[in-house]
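1. For reference, the sequence and a predicted model appear below.
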Amino acid sequence: MVALSHLRILDLTRVLAGPWCTQLLADLGADVIKIERPGSGDDTRAWGPPYLQDEQGRDTSEAAYYLAANRGKRSVTLDIAKPEGQRLVRALLAHCDVLVENFKVDQLARYGLDYASLSAQQPALVYCSITGFGQTGPYRERAGYDFITQGMGGFMSITGERDDLPGGGPQKAGVAISDLMTGMYAAVAVLAALAQRDRTGIGQHIDLALFDTMVAMLANMNMNYLVTGESPRRAGNAHQNIVPYQVFAAADGHVIVAVGNDSQFVKFCTVAGRSDLARDRRFAKNAERVRNRGELIPLLEDIVRARPASFWGRELEAAGVPCGPINSIAQALADPQIVARGLQHVLPHATAGSVPLISSPIHSNGVACRAERAPPRLGEHTDEVLRELVGVSDGELERLRADGVTQALP
């Protein structure tokens, strides 16, 4: 994908929300220069095991977590706490369109790398700040973590089994969902700011917070509260507004049944051999099925439990009723549809030989959006980038390494 090949992004982010944003921009063709601390780099480089293994089955220093969010980038080590490191960041930024950072509020101002300082010299700069709680408000100085915002933002109050059932209670998502969604929102905001800059010549400061994102993405659950004044509660694998739309235990496993309208319910009942349920006034319309959930679901549980999951998958699919299995990640990646879409690919890697990666799900004009550069080793592109963009000589590179501003490639 080369849609953004005219753009260069200076990436001062680490962990997940920021790197997820810049990885998406890299997938779309932008040149993303990832600035990392000499010696340690992005925190997630140490978040293992598991680590990528070399051809002899030995662990490399590349943690799987880091690899998930940094494909397509170039890594440059610079110590921004040192004046020389700050000077080089500013020199690099002169060749960039966007800066993305996720430091604590006001932290970069210590180094003259805040929006006010940089935009004074570069008015067209698009500067995106990602924090836990935003640049304003009483929580602005708090550190932000996905798990905390999942709880504070209401997500865990609607996620997990019902409190009155075994295993009931609050549950976080299986991935850092507020980080991932904040990264997605950030990428959209950056592209919108660039579109405006194309018309006005002026950049802007984007302020994104994990807490804001967590609340904003609750979608229909927010509206359920706003129109009733009653907070939704946990419903396990059931749907708050549609019935039946949940996991059922079959004779030998589980199946997801996602009846989205009344005609699909009629088809489901036909497959189940209980057409009478679709004619029952208590269940004929979705609104009534929601109101009478407690009567209908036990009936359906008994019906589904009588046959194997393969029966329900085959017959419901043939009848046009949305359904599906609950796959492991291994099963999902081996699914013929995912294989046909080319979602997994392999790239060369300097220390491991190769690295398996997941591609962006974006397809454009029938072509998959796919980064062609593996997640970089720490400082892999330091010399290349500083020579290319700033004109640093070999002698200067040696001095920068000696002074601890940057480091030799491990």
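-> Okay, I see it.
2. what about the helices in the stretch 251-400 of the chain?
-> 262-272, 275-279, 286-291, 293-305, 309-319, 329-334, 336-341, 382-385, 394-402 (DSSP state H, counting those that start in this stretch).
3. Flag every buried residue along the third one.
-> This means helix 286-291. Under the neighbour-count criterion of 16 or more other Cβ atoms under 10 Å, helix 286-291 has Asn286, Glu288, Arg289 buried. Bear in mind the C-beta positions are built from the backbone N, C-alpha and C, glycine included.
4. Tell me which of the helices of the stretch 251-400 of the chain sits nearest to Asp11.
-> Across those, Asp11 has its closest neighbour in helix 382-385 (11.7 Å, Cβ to Cβ).
5. got a list of contacts for stretch 190-199?
-> 7, 21, 25, 97-98, 100, 124, 126, 128, 202-204, 206 (Cβ atoms under 8 Å, 6 or more residues apart in numbering).
6. Which two of those have the greatest separation?
-> Farthest apart among these - using Cβ to Cβ - are Cys21 and Ile202, which lie 21.4 Å from each other.
7. Neighbouring strands of the helix or strand of the chain with the lowest mean pLDDT in the sheet, and parallel or not?
-> Ranked by mean pLDDT, DSSP states H and E, the weakest helix or strand in the chain is strand 367-368, scoring a mean of 84. As defined by DSSP bridges, the strand partners of strand 367-368 come to strand 363-364 (antiparallel).
8. And the strand it pairs with, how far out from the chain middle?
-> 19 Å (Cα atoms, centre = their mean, to the nearest Å).
9. quick revisit: more neighbours: which of Cys21 and Ile202?
-> Comparing Cys21 with Ile202 by neighbour count (other Cβ atoms under 10 Å), the higher total belongs to Cys21, at 32 against 13.
10. Give me the three-state assignment for that one.
-> Here Cys21 takes the helix state, with states given by DSSP: H, G, I helix; E, B strand; the rest coil.
11. Correct me if wrong: it contacts Ser129.
-> No: with contacts counted by Cβ atoms under 8 Å, Cys21 stays clear of Ser129, the gap being 11.3 Å.
12. okay, now Thr77: neighbour count?
-> 26.
13. before we move on, the earlier item: between the buried residues of helix 286-291, which is nearest Ser354?
-> For these, the nearest to Ser354 is Asn286 (49.6 Å; Cβ to Cβ).
14. That closest one: what's it in contact with?
-> Counting by Cβ under 8 Å, 6+ apart, Asn286 touches Ile242, Val243, Asn261, Asp262, Phe265.
15. Out of those residues, which end up buried?
-> Buried among the contacts of Asn286 (16+ other Cβ under 10 Å): Ile242, Val243, Phe265.
16. Name the nearest of those relative to Arg74.
-> Of those, the one sitting nearest to Arg74 (Cβ to Cβ) turns out to be Ile242, at 46.2 Å.
17. check which helix or strand covers that closest one.
-> In the assignment (DSSP states H and E), Ile242 maps to no helix and no strand.
18. roughly how far apart are it and Gln122?
-> Distance of Ile242 to Gln122, given as Cβ to Cβ, to the nearest Å: 50 Å.
19. In the chain, where is pLDDT below threshold?
-> Residues of the chain meeting the criterion pLDDT under 70: 1, 410.
20. Return the residue of it that is most distant from the centre.
-> Within the chain, the residue lying farthest from the chain centre (Cα atoms, centre = their mean) is Asp276, at 44.2 Å.
21. Do a quick rundown of the strands in the stretch 51-200 of the chain.
-> For the stretch 51-200 of the chain, the strands defined by DSSP state E, counting those that start in this stretch cover 51-53, 59-63, 73-77, 98-101, 126-131.
22. Kindly reformat the ones you listed as a markdown table containing distance to Leu12.
-> Below are the strands of the stretch 51-200 of the chain laid out as a markdown table (distance: least, Cβ to Cβ, whole Å):
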| stretch | distance to Leu12 |
| --- | --- |
| strand 51-53 | 24 |
| strand 59-63 | 20 |
| strand 73-77 | 11 |
| strand 98-101 | 4 |
| strand 126-131 | 10 |
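23. Out of the ones you listed, which is closest to Glu398?
-> Closest among these, using Cβ to Cβ: strand 73-77, at 14.3 Å.
24. ok, residues contacting that closest one?
-> For strand 73-77, using Cβ under 8 Å, 6+ apart, the contacting residues are 11, 22-23, 26, 31-39, 41, 92, 373, 375-382, 384-386, 406-407.
25. Can you flag the buried ones in the residues you listed?
-> Applying 16+ other Cβ under 10 Å to those flags 11, 22-23, 26, 31-38, 41, 92, 373, 375-382, 385-386, 406-407 as buried.
26. Cross-reference those residues with the strands and report the matches.
-> Asp11, Asp31, Val32, Ile33, Lys34, Ile35, Glu36 (DSSP state E).
27. These into CSV, with extra columns for distance to Arg282?
-> Listed next are those as CSV, based on distance: Cβ to Cβ, whole Å:
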residue, distance to Arg282
Asp11, 56
Asp31, 61
Val32, 56
Ile33, 62
Lys34, 58
Ile35, 62
Glu36, 61
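28. what's the closest of these to Ala332?
-> Of those, the one sitting nearest to Ala332 (Cβ to Cβ) turns out to be Val32, at 27.7 Å.
29. So that closest one sits against Cys21, correct?
-> No: when contacts are counted by Cβ under 8 Å, Val32 is not listed as touching Cys21 (9.8 Å).
30. how close does Ala216 get to Ala209?
-> Taken as Cβ to Cβ, the span from Ala216 to Ala209 is 10 Å.
31. With Glu161 instead?
-> Taking Cβ to Cβ, one finds Glu161 at 29 Å from Ala209.
32. repeat for Gln56
-> Gln56 is 44 Å from Ala209, by Cβ to Cβ.
33. how about the residue lying closest to Gly134 once chain neighbours are set aside, phi and psi?
-> Leaving out its chain neighbours, the residue that sits closest to Gly134 by Cβ to Cβ, 6 or more residues apart in numbering is Ala209, at 3.7 Å. Ala209 adopts backbone torsions of phi -130, psi 140, taken as degrees, to the nearest 10.
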